[in-house]
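Trainee: starting from these lines, generate the structure:
(2 chains)
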Amino acid sequence: MNLARWSRLAEWGVLAAVVLLHVLLMASSSRWLGPPGSPEVLGREALIYCQPALILAWAVCVPGRWWLRLIGAPALLWLGLWWGAVPHLNLPDYDSVYFAPFAAATLALLILIRLGGLRMQTVGANGQLEMPPQFSIRAMIGATTAIAAIIGVLEYLRPKIAANPAGWEALLGEVPWFGPSTIRTLVMCSALALVSVGAIAAVLRPGAVWLRLVILAVAIPSLAGYLTQLAGITSEVSQRTIELTVAFAALASLTAVSVLPLRLFGYRLLRPASEPGRSRLPQRVLGLLRVPRRLPSAPVAVSENAS
Amino acid sequence: MTEKLLSLDLIQIATPCQVSWDDMAGDDRVRFCSHCRLNVYNLSEMPRAAAERLVQEREGRLCVRFYRRHDGTVLTRDCPVGIRALRQRVVRSACALAGLLIAMFSATAFGSRLTRMLPSGFRSPASAIYNWTTPRPAYPEFVGDVVMGGCPPPMPNPVPAPPVLVPAAPGE
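Mentor: Predicted coordinates:
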């Protein structure tokens, strides 16, 4: 039994199933859609945010020809915007206003990830090698500090976010530009970007996926609950929280499923091991402090050619 | 009498080549290097006996590529650890495929039943997001009574009557 062949067949099968899912969701007519909570509606509306996130992740984190990504990403994003704006889709209350802030927030997050040293690389091309999880104290400190800073900013903005636009101003269209609605749009688009990029990272980071999926499953309802509370919603609080949770969960699930074939093909979003001859600042500091360098924790494949 | 084969683990590479394997044309086992115009054999894609026989037959005069572990041993296709990892990979991919297909099928078949479990007035994701970002404005409260009834057509303003002069009473 040729295990490598069967493995490749199953991996290509997963890729085909994901492509089929996207095509079905994109091509399905609005007449076939069920009530608001039905799976096809959830998938279709999650696709609006999932596809830009995937395109931007490809543009920022995947190595390859930079000019191809520079040209391809805006073209694909424009196609996505066009698809989102197709009238026959009849998307409820969807406005293309969300597209630009969502794309900007996702791009900012992905650039931060890239600046943090993470990039897409293949590991275990022959199915024989797998990387252990990467953990960095510096990244953890950075992430917790960022979360604290974001919560601080949101708490500072809470009075503005929770403020309901005054009746006569809203009626006459005299709502200030940077008013509650604008801030809410920015906050919501950032939350959506966080969920989609979080799903990509949960699936593609090296190490076991299940632990990160559990964290995501806890973080999504918490985020929805916090946003409901932040907006000062007093009526139907539980229902509004459930609705946001379902929206975030649909987006995270579709994004995670979409990048699953990449994981099966051996791609990981990882911090590449530093080259031996290359001096980096932390290593120089460790050297000055006489701390021994960390040994590579993964079995490194040595490729040698001889003639 | 069978000839004793050369052990793969004894292979030493004098000058490792920097040409990328991905740039060469061919399959996983043999690729053609356009720089040297030679075939490059991937020993890690061959069983150990076949790889050792190949090296023996060519008397070491061939281009090879292989994975070497940290302990110096060469990884081959029939390595038990590699086979176990490959088996795990098959199981993982098959489970992912089956899970995805089952999820798609069950969402299509039982989606309507699941939808009924949601509370009435449940909003779809796009609607929930829109509703969160654009709340309904709070209109000012009015104080007064509700008046209801048929509304007559508007009437022209009545012409004011000329002032009536009342003659003064005698004696005033």
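Trainee: which ones are touching the spatially most central residue of chain B?
Mentor: Nearest residue to the geometric centre of chain B (C-alpha atoms, centre = their mean): B:Leu100, 12.6 Å. Contact analysis of B:Leu100 by C-beta atoms under 8 Å, 6 or more residues apart in numbering or on different chains lists A:Val14, A:Ala17, A:Val18, A:Leu21, A:Val257, A:Leu260. Bear in mind the C-beta positions are built from the backbone N, C-alpha and C, glycine included.
Trainee: ok, A:Leu109 - how many residues close by?
Mentor: 22 (other C-beta atoms under 10 Å in any protein chain shown).
Trainee: and if you look at A:Val209?
Mentor: Using other C-beta under 10 Å as the criterion, the residues surrounding A:Val209 number 16.
Trainee: what about the helices in chain B?
Mentor: With helices called from DSSP state H, chain B shows them at B:48-57, B:80-116, B:125-133.
Trainee: what sits closest to A:Ile220 if chain neighbours are left out?
Mentor: With C-beta to C-beta, 6 or more residues apart in numbering or on different chains as the criterion, A:Ile220 has its nearest non-adjacent residue at 4.6 Å, and that residue is A:Phe248.
Trainee: go ahead and confirm that neighbour touches A:Leu223.
Mentor: Yes - the criterion here is C-beta atoms under 8 Å, and A:Phe248 meets it with A:Leu223 at 6.5 Å.
Trainee: spit out the residues that contact the two alike.
Mentor: In contact with both A:Phe248 and A:Leu223: A:Ala191, A:Val195, using C-beta under 8 Å, 6+ apart.
Trainee: compare the two (neighbour count), which wins?
Mentor: A:Phe248 (29 against 17).
Trainee: for the worst-scoring helix or strand of chain B on mean pLDDT, name the packing helices and strands.
Mentor: Least confident helix or strand of chain B, by mean pLDDT, DSSP states H and E, is strand B:74-75 with a mean of 78. Packing partners of strand B:74-75 (3 or more C-beta pairs under 8 Å, 6 or more residues apart in numbering or on different chains; DSSP states H and E): strand B:63-68.
Trainee: and the least confident helix or strand of chain B, how far from the chain's centre?
Mentor: 34 Å (C-alpha atoms, centre = their mean, to the nearest Å).
Trainee: who does that strand pair up with?
Mentor: strand B:63-68 (antiparallel) (DSSP bridges).
Trainee: pLDDT weak spots in chain A?
Mentor: A:1, A:29-32, A:82, A:84-96, A:124-131, A:164-177, A:273-307 (pLDDT under 70).
Trainee: show me the helices in it, by range?
Mentor: A:3-27, A:39-61, A:66-84, A:99-115, A:137-162, A:167-172, A:180-204, A:209-230, A:237-264, A:281-288.
Trainee: between helix A:39-61 and the first one, find me the angle.
Mentor: Taking axes from the mean of the first three to the mean of the last three C-alpha atoms, to 10 degrees, one finds helix A:3-27 and helix A:39-61 inclined to each other by 120 degrees.
Trainee: is chain B within reach of stretch A:188-199?
Mentor: Yes - contact of stretch A:188-199 with chain B (C-beta under 8 Å from any C-beta of the partner chain) involves A:Met188, A:Leu192.
Trainee: so where's chain B uncertain?
Mentor: Residues of chain B that meet the cut-off, pLDDT under 70, sit at B:1-6, B:60, B:136-144, B:154-163, B:165-172.
Trainee: quick check: closest non-adjacent residue to A:Arg268.
Mentor: Nearest to A:Arg268 is A:Pro206, by C-beta to C-beta, 6+ apart, at 4.7 Å.
Trainee: count of residues packed around the one you found?
Mentor: Neighbour tally, A:Pro206, other C-beta under 10 Å: 19.
Trainee: any idea how far the nearest residue to B:Thr76 once chain neighbours are set aside is from chain A?
Mentor: Using C-beta to C-beta, 6+ apart and skipping residues adjacent in sequence, the residue nearest B:Thr76 is B:Arg48, 4.3 Å away. Using C-beta to the nearest C-beta, to the nearest Å, B:Arg48 is found at 14 Å from chain A.
Trainee: how far away is B:Arg48 from B:Gly72?
Mentor: Here B:Arg48 is placed at a distance of 15 Å from B:Gly72 (C-beta to C-beta, to the nearest Å).
Trainee: more neighbours, those two?
Mentor: B:Arg48 (18 against 9).
Trainee: please name the residues that touch that one.
Mentor: Going by C-beta under 8 Å, 6+ apart, the list of residues near B:Arg48 reads B:Leu8, B:Thr76, B:Arg77, B:Asp78, B:Cys79.
Trainee: for the second one, what are its contacts?
Mentor: Spelled out, that is B:Thr76. B:Leu8, B:Leu43, B:Ser44, B:Met46, B:Pro47, B:Arg48, B:Ala51, B:Phe66, B:Gly82.
Trainee: buried among these? Make that a ChimeraX selection.
Mentor: To isolate the buried members of those in ChimeraX, using 16 or more other C-beta atoms under 10 Å in any protein chain shown:
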select /B:8,43,44,46,48,51,66,82
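Trainee: which of the contacts of B:Thr76 lies closest to A:Pro35?
Mentor: B:Gly82 (50.5 Å; C-beta to C-beta).
Trainee: I'd say that closest one and B:Arg69 touch.
Mentor: No - between B:Gly82 and B:Arg69 there is no contact under C-beta under 8 Å: 10.6 Å.
Trainee: who touches both of these two?
Mentor: B:Leu75.
Trainee: what's the burial count for A:Leu42?
Mentor: By other C-beta under 10 Å, neighbour count at A:Leu42 equals 24.
Trainee: contacting residues around it?
Mentor: A:Val246, A:Ala247, A:Ala250, B:Ser124, B:Pro125.
Trainee: now those: which count as buried?
Mentor: Among the contacts of A:Leu42, the ones that count as buried (16+ other C-beta under 10 Å) are A:Val246, A:Ala247, A:Ala250, B:Ser124, B:Pro125.
Trainee: gap between the fourth one and A:Ile183?
Mentor: With distances taken as C-beta to C-beta, B:Ser124 is found 24 Å from A:Ile183.
Trainee: same thing with the last one?
Mentor: Between B:Pro125 and A:Ile183 the distance, using C-beta to C-beta, works out to 21 Å.
Trainee: the third one too?
Mentor: Note on A:Ala250: its distance to A:Ile183, by C-beta to C-beta, is 24 Å.
Trainee: circling back to that earlier point, now, which of the contacts of B:Arg48 sits nearest A:Trp6?
Mentor: Using C-beta to C-beta, B:Arg77 is the member of the contacts of B:Arg48 that lies nearest A:Trp6, at 14.6 Å.
Trainee: could I get the buried residue list for stretch A:104-113?
Mentor: Buried residues in stretch A:104-113 (16+ other C-beta under 10 Å): A:Ala105, A:Thr106, A:Leu107, A:Leu109, A:Leu110, A:Ile113.
Trainee: Serialize the helices of chain A to CSV and add fields for distance to B:Leu118.
Mentor: Shown next, in CSV, are those (distance: least, C-beta to C-beta, whole Å):
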stretch, distance to B:Leu118
helix A:3-27, 20
helix A:39-61, 11
helix A:66-84, 25
helix A:99-115, 25
helix A:137-162, 27
helix A:167-172, 30
helix A:180-204, 20
helix A:209-230, 15
helix A:237-264, 8
helix A:281-288, 50
